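Peer 1: what follows is a predicted structure for the sequence shown.
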Amino acid sequence: NAGVTQTPKFQVLKTGQSMTLQCAQDMNHNSMYWYRQDPGMGLRLIYYSASEGTTDKGEVPNGYNVSRLNKREFSLRLESAAPSQTSVYFCASTTEMSTDTQYFGPGTRLTVL
Amino acid sequence: GNSVTQMEGPVTLSEEAFLTINCTYTATGYPSLFWYVQYPGEGLQLLLKATKADDKGSNKGFEATYRKETTSFHLEKGSVQVSDSAVYFCALKQSGGYQKVTFGIGTKLQVIP
């Protein structure tokens, strides 16, 4: 099992450009999450998907959209990137939202110039 | 709302030294408590957890005890190794339903030979 995979690993964008971060899990998990990690702020939840076909906003959803493409895949889109979105982005999954343990991908380091 | 407080560090220790990383939390009821570890260039992975008061979580020589009276979940290890160098995140999750995880800011540990 690969667990949770994310692409790309690194990305540099110019202000105003768009891009999609991809996430996939092969553990048959129902729930998936997108976090951003910033120095001094820990991890903050951007969006989550409790199950296939549903998505909900987390703490910091502004400037992002998500798509739960199927049970395996959960993508995060930046429509018009801003320097404030420079961060490390992590995807995670759990069996269910009521389950304790989260499994994380290796992260995408995004820089917006 | 829920919150988790931990020092950012870095904490620098010599190999074989004793480690304590403090974590305190604010939450209603009886959340589950976690320590996650992030090795350089990787995503977070669960280190240990405790789901009720006075429980002790342990893994890889690390321990933490759920103290309801002091709302704390301090991480300890008797003898650290260079390979323990990482960022350690304390986290909590309320039980039941669609409850999200609240993470602390992470404490960077550097172990020098």
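Peer 2: On my side now, so go ahead.
Peer 1: so which residue is smack in the middle of chain A?
Peer 2: Residue closest to the average C-alpha location in chain A (Cα atoms, centre = their mean): residue A:34, at 2.9 Å.
Peer 1: the helix or strand encompassing that one packs against which elements?
Peer 2: In this assignment (DSSP states H and E), residue A:34 forms part of strand A:31-38. Strand A:31-38 makes packing contacts with strand A:19-25, strand A:42-49, strand A:64-68, strand A:74-78, strand A:87-94 when contacts are defined by 3 or more Cβ pairs under 8 Å, 6 or more residues apart in numbering or on different chains; DSSP states H and E. C-beta: built from backbone N, CA, C; applies to glycine.
Peer 1: show the model's pLDDT score for the residue nearest to the centre of chain A.
Peer 2: If you check residue A:34, the pLDDT there is 97.
Peer 1: near chain A, which residues of chain B?
Peer 2: Residues of chain B lying close to chain A (Cβ under 8 Å from any Cβ of the partner chain) are B:4, B:8, B:32, B:34, B:41-46, B:49, B:51, B:89, B:93, B:95-101, B:103-106.
Peer 1: try 10 Å
Peer 2: Proximity of chain B to chain A, by Cβ under 10 Å from any Cβ of the partner chain, involves residues B:1, B:4, B:6, B:8, B:32-34, B:36, B:38, B:41-46, B:49, B:51, B:87, B:89-91, B:93, B:95-106.
Peer 1: sorry, back to before: contacts only, for the residue nearest to the centre of chain A.
Peer 2: By Cβ atoms under 10 Å, 6 or more residues apart in numbering or on different chains, the contact set of residue A:34 is A:6, A:21, A:23, A:44-49, A:55, A:58, A:60-61, A:64, A:66, A:74-76, A:89-92, A:105.
Peer 1: so what's the residue of chain B found nearest chain A up against?
Peer 2: Nearest to chain A in chain B, going by Cβ to the nearest Cβ, is residue B:43, at a distance of 3.4 Å. Residues in contact with residue B:43 (Cβ under 10 Å, 6+ apart) are A:3-4, A:6, A:35, A:37, A:88, A:90-92, A:102-107, B:36.
Peer 1: would you mind measuring from the closest residue to it other than its chain neighbours to residue A:73?
Peer 2: Nearest in space to residue B:43, with sequence neighbours left out and distances taken as Cβ to Cβ, 6 or more residues apart in numbering or on different chains, is residue A:104 at 3.4 Å. Per Cβ to Cβ, to the nearest Å, residue A:104 is found 16 Å from residue A:73.
Peer 1: the two - which one has more neighbours?
Peer 2: A direct count of neighbours by other Cβ atoms under 10 Å in any protein chain shown for residue A:104 and residue A:73 places residue A:104 higher, at 22 against 16.
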